[in-house]
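# Whatever this is, show me its structure:
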Amino acid sequence: MTSRLFTELATFPLVVLDTEQIVLRGRLILGVLVDLGNTDAADELALRDGLSRAARDLGLEIELTVGPPTDEAPTPGPLHVTVLGNPLRPDAMAGVAGCIASCGANIDRIERLARHPVTCIELEVSGADPDLLRAQLNAQAVLLQVDVAVQRSGLYRRAKRLVVMDVDSTLIRGEVIEMLAAHAGCAEQVAAITQAAMRGELDFEQSLRERVALLAGLPATALTHVRDSLVLTPGARTLVRTLKRLGYLVAIVSGGFTQITDGLVDELGFDFAAANSLEIVDGALTGKLLGPIVDRAGKAAALRRFATAAGVPLTQTIAIGDGANDLDMLGVAGLGVAFNAKPLVREAADTAVNVPYLDAILYLLGITRYEIDAADAEELALD
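The predicted model follows:
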């Protein structure tokens, strides 16, 4: 069909300006924008007749519209608007499209990236100011019950090469220190301090030292029990496996403890890691920490350190976190993603993902579910 269309067009002195083809549920839609140049009314009539004959022969419908020359005035660069819903409802898409229209922008292309376990639709948008569009969509996202990310198109988006993520309540479900507290019999006291710290109401280092002090005397064997009972966030393995398959470097940075994160590094193959270290004497926790504290500033410093070691500019990094102590790290990264985060963090991050699947982060990079599943199937077949 494409060959026949262009064969008909080739009989006239036309210039092809743009073309696009999509297949939607088995229906092919092919559009071509041409400059008619010096063709006259007779040529235009002959063109219509030729295209109509080709359409009848192929069993197609055709529409030919002639208009004024295309306005080539410069417009803001294209943006990718990624919409995640679980489920994704029509009113949400209407709201997103309405925001784009109110910004004076246009939707040039729509593509589905995933339909399980969440639905993800990506829109390519032109003519929008990214900051204005992001602000309007972020304001609507909560009301629409969807996650919306706005990113610049082109090299800016494709260049991300280092992904750094928080551990507790991001890579894994729950907070490790609360799991240890359950073994030590002080779960309620530790949980109260943890929540205050995550809301940004307490200094992280002070709160961490207070919580660790409550663990004094806990047998070190409890660390093994906690490590063995960790539950990864759904999609965590897929996220890390896919990123590494694509050549990304992947790191974890945690306000938790190396006695736990070291096992995660071995299990999932992280390239870099930073965490605090518990002091252990005579087989028991002393209630103290060793070395400098990995706090809010420490997480951002770790991201910078990883990027330097990898030779990756900060603009090519992604940070993922959920708590107030992740804010500096999210701000330093080229793209900061709040994952099922506290309101304070969602407001400060570049984008928020609130679906319970960590591999949904891949859609922000333009990676489709089909590509993920196909690569997994290919690797399984090779094994």
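# And the strands in this protein?
For the chain, the strands defined by DSSP state E cover 15-24, 27-35, 79-85, 106-114, 119-126, 147-152, 162-165, 249-257, 272-281, 284-290, 317-321, 335-339, 351-353.
# Report all helices and strands that the second one contacts.
This points to strand 27-35. For strand 27-35, the elements it packs on are helix 2-9, strand 15-24, judged by 3 or more Cβ pairs under 8 Å, 6 or more residues apart in numbering; DSSP states H and E. For the C-beta atoms, the positions are set from N, CA and C on the backbone; glycine is no exception.
# do you know which of the ones you listed lies nearest Gly174?
strand 15-24 (42.2 Å; Cβ to Cβ).
# what lines up beside that closest one in the sheet?
strand 27-35 (antiparallel) (DSSP bridges).
# what mean pLDDT does the partner strand have?
Strand 27-35 comes out with an average pLDDT of 86.
# Give me the distance between that strand and the centre of its chain.
Using Cα atoms, centre = their mean, to the nearest Å, the mean C-alpha position of strand 27-35 is found 31 Å from that of the whole chain.
# Low-confidence stretches in this structure?
Counting by pLDDT under 70, the chain shows low-confidence ranges at 69-76, 154-159, 198, 200, 383.
# domain parsing for the chain?
As assigned by automatic domain parsing, the chain contains the domains 2-58, 79-156, 162-173+232-349.
# returning to what we had before: turn the strands of the chain into a markdown table, including mean neighbour count.
Listed next are those as a markdown table, based on neighbours: other Cβ atoms under 10 Å:
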| stretch | mean neighbour count |
| --- | --- |
| strand 15-24 | 11 |
| strand 27-35 | 12 |
| strand 79-85 | 23 |
| strand 106-114 | 16 |
| strand 119-126 | 21 |
| strand 147-152 | 22 |
| strand 162-165 | 27 |
| strand 249-257 | 24 |
| strand 272-281 | 18 |
| strand 284-290 | 17 |
| strand 317-321 | 27 |
| strand 335-339 | 26 |
| strand 351-353 | 24 |
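# Kindly reformat those strands as CSV containing distance to Ala97.
Listed next are these as CSV, based on distance: least, Cβ to Cβ, whole Å:
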stretch, distance to Ala97
strand 15-24, 17
strand 27-35, 19
strand 79-85, 10
strand 106-114, 7
strand 119-126, 8
strand 147-152, 12
strand 162-165, 30
strand 249-257, 35
strand 272-281, 40
strand 284-290, 51
strand 317-321, 27
strand 335-339, 24
strand 351-353, 18
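# right, and these - which one's nearest Gly185?
strand 284-290 (13.2 Å).
# how far off strand 272-281 does that closest one point, in degrees?
Using axes from the mean of the first three to the mean of the last three Cα atoms, to 10 degrees, the direction of strand 284-290 lies 130 degrees away from that of strand 272-281.
# by contact count, what packs against strand 284-290?
Packing partners of strand 284-290 (3+ Cβ pairs under 8 Å, 6+ apart): helix 204-213, strand 272-281.
# Nearest to Ile29, out of the ones you listed?
Shortest distance between Ile29 and the helices and strands packed on strand 284-290, using Cβ to Cβ, is found for strand 272-281: 45.8 Å.
# and that closest one with helix 204-213, angle?
Using the same axes, to 10 degrees: strand 272-281 against helix 204-213 is 40 degrees.
# just to revisit the earlier point, quick one, which of the strands of the chain gets closest to Met329.
The nearest among those, by Cβ to Cβ, is strand 317-321 at 4.6 Å.
# What strands line up against that closest one, and which way round?
strand 162-165 (parallel), strand 335-339 (parallel).
# contacting residues around the longest one?
Judged by Cβ atoms under 8 Å, 6 or more residues apart in numbering, the contacts made with strand 335-339 from elsewhere in the structure are 149, 151, 160, 165-166, 170, 317-322, 329-330, 345-346, 348-353, 358, 361, 364.
# from the chain's centre, how far out does it sit?
Distance of strand 335-339 from the chain centroid (Cα atoms, centre = their mean) equals 7 Å.
# Please apply the same query to the shortest one.
Offset of strand 162-165 from its chain centre (Cα atoms, centre = their mean): 11 Å.
# Equivalent analysis for stretch 123-136, please.
The chain centre lies 17 Å from the centre of stretch 123-136; the measure is Cα atoms, centre = their mean.
# Begin at 50 from now on, thanks
In the new numbering, first residue 50, that becomes stretch 172-185.
# Look at it and report the distance between its end residues.
One end of stretch 172-185 sits 16 Å from the other (Cα to Cα, to the nearest Å).
# What residues of that stretch count as buried?
172, 174-177, 179, 181-183, 185 (16 or more other Cβ atoms under 10 Å).
# before we move on, the earlier item: how about the strands of the chain, which one is nearest Glu427?
strand 155-163 (18.4 Å).
# Just list the residues touching Ala240, thanks.
227, 230.
# so how far is Ala236 from Leu384?
Separation of Leu384 from Ala236 (Cβ to Cβ, to the nearest Å) stands at 35 Å.
# How many neighbouring residues does the nearest residue to Ser278 once chain neighbours are set aside have?
Nearest non-adjacent residue to Ser278, counting by Cβ to Cβ, 6 or more residues apart in numbering: Met228, 7.0 Å away. Counted with other Cβ atoms under 10 Å, residues neighbouring Met228 total 22.
# before we move on, what about Gly318?
Residues contacting Gly318 under the criterion other Cβ under 10 Å number 11.
# Surely it touches Val289?
Yes: counting by Cβ atoms under 8 Å, Gly318 does reach Val289; the two are 7.1 Å apart.
# who touches both of the two?
Val299.
# quick revisit: out of the buried residues of stretch 172-185, flag the one nearest to Gln244.
Checking these against Gln244 with Cβ to Cβ, the nearest one is Arg183 at 29.2 Å.
# The closest one and Ser218, how far apart?
25 Å.
# Kindly report the same for Ile309.
13 Å.
# Specify the beta-bridge partners of the residue lying closest to Val145 once chain neighbours are set aside.
What sits nearest to Val145 in space, not counting adjacent residues and going by Cβ to Cβ, 6+ apart, is Val132, at 5.7 Å. For Val132, the beta-bridge partners are Ile170, Val197 (DSSP bridges).
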